[in-house]
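Participant: I need the structure of the sequence given here:
(chains A and B)
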Amino acid sequence: MAKHPTPLLDQLESGPWPSFVSDLKALAEHRAKTADTANYQIPVDVADDILGVLELTYKHGQTHWKHGGIVGVFGYGGGVIGRYCDAPDQFPGVAHFHTMRVSQPGGKFYTSKYLREICDLWDLRGSGITNMHGSTGDIIFLGTTTPQLEEIFFELTHKMNQDLGGSGSNLRTPSDCIGAARCEYACYDTQALCFQLTNDYQDELHRPAFPYKFKFKFDGCPNCCVASIARADMSFIGTWRDDIRIDQEAVQAYIGGEFLPNGGAHKDRDWGKFDIKKEVIDLCPTECMWMEGKKLKIDSKECNRCMHCINVMPRALRIGEDKGLSILVGAKAPILDGAQMGSLLVPFVKVEEPYDEIKEVIEKIWDWWMEEGKNRERLGELMKRQGFQKLLEVTGIAPDPRHVKEPRSNPYIFWKEEEVEGGWTRDINQFRKQHLR
Amino acid sequence: MAFISSGYDPKEPMKNRITDIGPRKYDEFYPPVIAKNKGKWLYHEILKPGVLVHVAESGDKIFSIRVGGARLMSTLLIREICEIADKHCSGYVRWTTRNNVEFMVDDEKKVEPLLKDLAGRKFKGGSFKFPVGGTGAGVTNIVHTQGWIHCHTPATDASGPVKATMDVLFEDFQKMRLPAQLRVSLACCLNMCGAVHCSDIAILGYHRKPPMLDHEYLDKMCEIPLAIAACPTAAIKPAKMEVGGQKVNSVAVNNERCMFCGNCYTMCPAMPLADKEGDGIVIMAGGKVSNRISPPKFSKVVVAFIENEPPRWPKTTQVIKKMVDVYAQDARKYERLGEWAERIGWERFFEKCEIPFTHHLIDDFRDPAYYTWRQTSQFKF
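Facilitator: Numbers count the residues shown, from 1 in each chain, chains lettered A, B, ... in the order given. Down below sits the predicted model:
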């Protein structure tokens, strides 16, 4: 028998899509059944009470979680988010319901052994409720009490060789796409770079010293599966600068219908016979492809590497061999001054251990942002406030037409005195000798 | 329940303390075929919805079975995933960036038994535990935020609307009939932990009432200058208020200037915004993050407000379903929803999707607004 009736939530149990309500109910039942033997370190009925408080929220149309609460583990300023219920008497099981962010492995690959260790720890010391995963990428432990925080951290670090992730005004847990591990489009090893930078910047990740949050995301190619260009203060997007590799026989196999376009992504509808002109050549944004007899030709110098042709014919076309990444900076969600997409700063850099060239750009940007950024000002907003020129100045990067979509359409250039011959100091009396008042 | 110590000694927190060790290294968890062929993959193919094969230079293959699910997940369900991984995949499993789970096997013969096993697993309430799909030109899992389950600022729930939406779009999760992939995302307030602002379809929680002011407690709970500085439209100023005959320091809000972002509440818990009638959902459409063919795009607001309708948000899911169906029918192969809307023109988009156009949809927020007005005589009747 459920502790709280949940007539509204019950309606989310039907339908084909996996029901989180059914899952939570099963957990609540399981905890009640195992209460005598499991030594649960937080209230047994935590899953019942989360269902209860959510049901009440569905009735009220307003959240029942209080604002904030400063809790954490000793020496870290992030990784734990305090959360308290605003109806603790009705739902004592979730009166204290803090979140812990656990730094996820690259590519989100796991072994069942590791996941079971995570589950054992979280069943004993927490609610048994998780997010797999949070928006930034961490494994999220959803709901525990203050006394358990250090215990969990101790077990994570001592028994599982596992650290917490970031929260607050610090480097948030970086995340990556599956990359070279299982994708033929990867232009660099996203997991290797993500892992190295995450470890090199542990201090920035755990001890908030920034004006606001800061995100790194690593996309292996311009398809941008981790959406770095939309949401990372610094996005690292794989690219290449030589020729797309062409297998002409495979091109013919696509034309002949032996290979399905786009890896078979359109299988459930009859789009007619594959037409390389209509589906590839005419959709190329730079018009740099054509057929010469039975041969597909690409003027690689004119290609802007949008990936369309490669996506459509992965067995015929491959990314080039001179690979690296582009760095775009300043992306963020709308709050406060409107959404910003990442802006191109470094068109190309080779990705070579120990990644000094990349780290140099990162650290110069941090120096500037930490010096000039206002409280809760994201990098993108600072860029808008002080200008792209300032960003080039602090990073020592030379201006390049690739930095802009188009040159400015107003001539209001903030010339610097040293750029103007003779400087700005002039003699008005000298001027008047030739120009009467 | 007796307290069980992990070994941590609260009297000596620094004793044997381990810090700054970071995440586990990715390659500890690679299936052998991944470890062997990393960086040497040749191509991939979607054998059927939810089933991918990647082929390496060595001739090795890896078959990935993608299943959708709620990102809010119990340890019970994770243990079941482990059991499946042990039974079929030598104990390996992974998650995608869009909250799907992928079971990977190295032999085509292992695919069908795995699919059969997955299809048979259902929750008590009847829903699938592991629906296979989310590949190619279809709808994949929704990325989303916490919502009412755990957050202090939401204007809507996350898990509920996501479940309701995916039920409505379920056929397109398991099929690949669309012109291109279609990404749906949800953020329960405009803090947008989910960064939904570049999705084909975005569901966004939004407040519509200015903050209430808890004058009696405001100065005790908040740094007033921080609350004032937090407002992007300078709508908040310091004010002396009288509470029970006592003068207290507090703030005043110019309601006309409020854009309901909730940034003040983030800085000051004595300024709550949430409200049953005020809160609801904004629908945005036409964004993308891929650089394929056209550059990445922001999503645009196409429905200014739909009230919260727990538990199943029928008006919200109806608008979404209609958009997906019209897009499916009308767009050209490879065209993303935003590219389609731009080609036919937004005036045509609203007409075809039968969405009324209201003044709320015209940008009036700062300079970028001007660039969204129509500065040409080219338009369609």
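Participant: show the low-confidence segments of the stretch 251-381 of chain B, by residue range.
Facilitator: Applying pLDDT under 70 to the stretch 251-381 of chain B flags no residue at all.
Participant: what does it have sitting close to chain A?
Facilitator: B:261, B:263, B:265, B:269, B:272, B:274-277, B:279, B:287, B:289-294, B:296, B:298, B:308, B:310-312, B:333-334, B:365-366, B:368 (Cβ under 8 Å from any Cβ of the partner chain). C-betas here are computed from N, CA, C, even on glycine.
Participant: again, only this time at 7 Å
Facilitator: When proximity is defined as Cβ under 7 Å from any Cβ of the partner chain, the stretch 251-381 of chain B approaches chain A at B:261, B:263, B:269, B:274-276, B:279, B:289-294, B:296, B:298, B:308, B:310-312, B:333-334, B:365-366, B:368.
Participant: geometric centre of chain B: which residue is closest?
Facilitator: Residue closest to the average C-alpha location in chain B (Cα atoms, centre = their mean): B:His144, at 2.6 Å.
Participant: can you tell me the SS state at the closest residue in space to that one that isn't next to it in sequence?
Facilitator: Once flanking residues are discounted, B:His144 sits nearest to B:Leu186: 4.0 Å by Cβ to Cβ, 6 or more residues apart in numbering or on different chains. Here B:Leu186 is recorded as strand under DSSP: H, G, I helix; E, B strand; the rest coil.
Participant: what ranges do the strands span in chain A?
Facilitator: Taking DSSP state E, the strands of chain A run over residues A:80-81, A:99-102, A:109-111, A:129-132, A:139-142, A:175-176, A:216-219, A:234-240, A:245-246, A:289-292, A:295-298, A:317-318, A:323-329, A:343-349.
Participant: list the buried residues of stretch B:36-49.
Facilitator: Going by neighbour count (16 or more other Cβ atoms under 10 Å in any protein chain shown), the buried part of stretch B:36-49 is B:37-38, B:41-49.
Participant: what's in contact with it?
Facilitator: Identification of contacts with stretch B:36-49 by Cβ atoms under 7 Å, 6 or more residues apart in numbering or on different chains yields A:180-184, A:189, A:263-265, A:267, A:314-315, B:52-58, B:60, B:133, B:135-136, B:138, B:174-176.
Participant: repeat the analysis, applying 6 Å as the threshold.
Facilitator: A:180-181, A:184, A:263-265, A:314-315, B:52-58, B:60, B:133, B:135-136, B:174-176 (Cβ atoms under 6 Å, 6 or more residues apart in numbering or on different chains).
Participant: out of the strands of chain A, which gets nearest to chain B?
Facilitator: Nearest to chain B among those is strand A:109-111 (3.9 Å), distances taken as Cβ to the nearest Cβ.
Participant: what lines up beside that closest one in the sheet?
Facilitator: Here strand A:109-111 is paired, per DSSP bridges, with strand B:92-95 (antiparallel).
Participant: quick one: the strands in chain B, in order.
Facilitator: Under DSSP E, chain B gives strands at B:41-48, B:51-56, B:61-67, B:72-74, B:92-95, B:101-105, B:184-187, B:201-206, B:236-243, B:246-253, B:280-285, B:300-307.
Participant: who wins for proximity to A:Glu371 among those?
Facilitator: Nearest to A:Glu371 among those is strand B:236-243; the distance by Cβ to Cβ comes to 27.3 Å.
Participant: so which bits of the closest one are buried?
Facilitator: Neighbour-count burial for strand B:236-243, with 16+ other Cβ under 10 Å as criterion, is recorded at B:236, B:241.
Participant: counting contacts, what elements does it pack onto?
Facilitator: helix B:215-221, strand B:246-253 (3 or more Cβ pairs under 6 Å, 6 or more residues apart in numbering or on different chains; DSSP states H and E).
Participant: give me the pLDDT for A:Gly69.
Facilitator: For A:Gly69, the pLDDT comes out at 77.
Participant: contact partners for it?
Facilitator: A:82, A:84.
Participant: rerun at 8 Å
Facilitator: Applying Cβ atoms under 8 Å, 6 or more residues apart in numbering or on different chains, we find A:Gly69 in contact with A:82-84, A:98.
Participant: the residue nearest to B:His144 against B:Ile203, yeah?
Facilitator: Yes. Judged on Cβ atoms under 8 Å, B:Leu186 makes contact with B:Ile203 at a distance of 4.2 Å.
Participant: okay, the two: which has more neighbours?
Facilitator: In this view B:Leu186 and B:Ile203 are compared by other Cβ atoms under 10 Å in any protein chain shown, and B:Ile203 has more residues nearby, 30 against 27.
Participant: before we move on, the earlier item: quick one, which of the helices and strands packed on strand B:236-243 is nearest to A:Trp240?
Facilitator: Using Cβ to Cβ, the helices and strands packed on strand B:236-243 put strand B:246-253 closest to A:Trp240, at 52.5 Å.
Participant: buried sites along the closest one?
Facilitator: Those would be B:248, B:250-251, B:253, for strand B:246-253 by 16+ other Cβ under 10 Å.
Participant: which one of the strands of chain B lies closest to A:Ile140?
Facilitator: Per Cβ to Cβ, nearest to A:Ile140 of the strands of chain B: strand B:72-74, 9.1 Å.
Participant: what about the nearest residue to B:Asp86 once chain neighbours are set aside, how many neighbours?
Facilitator: Among residues not flanking B:Asp86 along the chain, A:Ser112 sits closest, at 5.2 Å (Cβ to Cβ, 6+ apart). Per other Cβ under 10 Å, the neighbour tally for A:Ser112 reads 22.
Participant: what about A:Ser112, distance to B:Ile84?
Facilitator: Distance of A:Ser112 to B:Ile84, given as Cβ to Cβ, to the nearest Å: 9 Å.
Participant: now the common contact residues for those two.
Facilitator: B:Val93.
Participant: what residue in the stretch 201-350 of chain A comes nearest to chain B?
Facilitator: Relative to chain B, the nearest point of the stretch 201-350 of chain A is A:Ala265 (3.1 Å; Cβ to the nearest Cβ).
Participant: which residues are in contact with that residue?
Facilitator: Per Cβ under 8 Å, 6+ apart, neighbours of A:Ala265: B:46, B:135-137, B:176, B:181.
Participant: among those, name the buried ones.
Facilitator: When the contacts of A:Ala265 are checked for burial by 16+ other Cβ under 10 Å, the buried set is B:46, B:135-137, B:176, B:181.
Participant: out of these, which is nearest to chain A?
Facilitator: Each of the buried ones among the contacts of A:Ala265 was checked against chain A using Cβ to the nearest Cβ; the closest is B:Gly136, at 3.1 Å.
Participant: is it true that the closest one touches B:Gln181?
Facilitator: Yes. The pair B:Gly136 / B:Gln181 is scored as a contact, 6.8 Å apart, by Cβ under 8 Å.
Participant: and for chain B, the residue most distant from the center?
Facilitator: For chain B, the largest distance from the centre (Cα atoms, centre = their mean) belongs to B:Gly245, which lies 47.4 Å off.
Participant: how near is that one to chain A?
Facilitator: The gap separating B:Gly245 from chain A is 28 Å, by Cβ to the nearest Cβ, to the nearest Å.
Participant: and residue 167, what's its pLDDT?
Facilitator: By default, I'm working from chain A. A:Ser167 is assigned 92 on the pLDDT scale.
Participant: right idea, wrong chain: chain B
Facilitator: Note on B:Asp167: pLDDT of 98.
Participant: likewise for the one 5 residues further on?
Facilitator: Looking at B:Asp172, its pLDDT reads 98.
Participant: contact partners for it?
Facilitator: Counting by Cβ under 8 Å, 6+ apart, B:Asp172 has contacts B:138-139, B:178, B:182, B:324, B:328.
Participant: pipe those residues into TSV and attach neighbour count per row.
Facilitator: TSV is the format used below for these (neighbours: other Cβ atoms under 10 Å in any protein chain shown):
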residue	neighbour count
B:Gly138	27
B:Val139	28
B:Leu178	26
B:Leu182	23
B:Val324	22
B:Ala328	17
